[in-house]
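Asker: sequence and predicted model, in that order:
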Amino acid sequence: MAQVRVTVDGVVYADDVEPRTLLVHYLRERLGKTGTLVGCDTSNCGACTVHLNGQSVKSCSVLAVQVDGAEVTTIEGIARDGKLHPVQEAFNECHALQCGYCTPGMIMQSIDLLGDNPDPNEQEVREGIEGNLCRCTGYQNIVRAVQSAAEKMKPGAQADVQSPVSVAGGGD
């Protein structure tokens, strides 16, 4: 067993872990952070994306012992004072999900993208999320959500996310 001391979503944890334990399993099984999903266990899908010291990583490719002394943020830790993060709001408002399985990882990757590029064009959004797979959508609403969140996060921007465009057959 190895000792790990890590801050997750602002709370410090000290645990003994098997050296081979993946971060995704530590987060889900030990800490109950089940919003971090296991999709492929091969780092191909991005469902397990979290922030490690402010940068997005696929937690199925990181050992829990490697985060000793680090700060990890999961999807559960990005809302503040009961208010969703602007990217979460945009995903909701722009209908940027279907089954929702990829959504936590996609949101975490999008936040990292917007930290690096606060005003991405469509191609830059698509390139920025290319390591996160969505098997349900054509990515169009995800791209719109990221760009909407970018607008919302600009200094002096209005608090509302852009209204989604109606889709034929949407059943409103």
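Answerer: Received the coordinates, thanks.
Asker: assign a three-state SS to the most centrally placed residue in the chain, would you?
Answerer: The centre of the chain sits closest to residue 108, judged by Cα atoms, centre = their mean, with a distance of 1.8 Å. The three-state label for residue 108, taken from DSSP: H, G, I helix; E, B strand; the rest coil, comes out as helix.
Asker: likewise residue 56?
Answerer: Three-state secondary structure (criterion: three-state DSSP) places residue 56 in strand.
Asker: and for it, nearest residue in space, chain neighbours not counted?
Answerer: Excluding the flanking residues, the one nearest residue 56 by Cβ to Cβ, 6 or more residues apart in numbering is residue 112, at 3.8 Å. (C-beta placed from N, C-alpha, C; glycine too.)
Asker: list the contacts of the residue lying closest to residue 78 once chain neighbours are set aside.
Answerer: Distances taken as Cβ to Cβ, 6+ apart put residue 85 closest to residue 78, at 4.3 Å, once the chain neighbours are dropped. When contacts are counted by Cβ atoms under 8 Å, 6 or more residues apart in numbering, residue 85 touches 78-79, 107, 111.
Asker: hmm, residue 75 and the residue nearest to the centre of the chain touching each other?
Answerer: Yes - here residue 108 reaches residue 75: they are 6.1 Å apart, a contact under Cβ atoms under 8 Å.
Asker: anything in contact with each of these two?
Answerer: Between them, residue 108 and residue 75 share these contacting residues under Cβ under 8 Å, 6+ apart: residue 50.
Asker: from residue 44, how far off is the residue nearest to residue 78?
Answerer: From residue 85 across to residue 44, the span is 25 Å (Cβ to Cβ, to the nearest Å).
Asker: same check, this time on residue 14
Answerer: Remark: distance between residue 14 and residue 44 (Cβ to Cβ) = 32 Å.
Asker: and what of residue 86?
Answerer: The span separating residue 86 from residue 44 equals 28 Å under the rule Cβ to Cβ.
Asker: the more surrounded of these two?
Answerer: Remark: of residue 86 and residue 44, residue 86 carries more neighbours, 21 against 14, as counted by other Cβ atoms under 10 Å.
Asker: you'd agree the more buried one is up against residue 151?
Answerer: No - contact criterion Cβ under 8 Å: residue 86 and residue 151 do not qualify, at 9.3 Å.
Asker: this protein: strands as residue ranges?
Answerer: Read by DSSP state E, the chain holds these strands, from start to end of the chain: 2-8, 11-17, 49-52, 55-58, 71-73.
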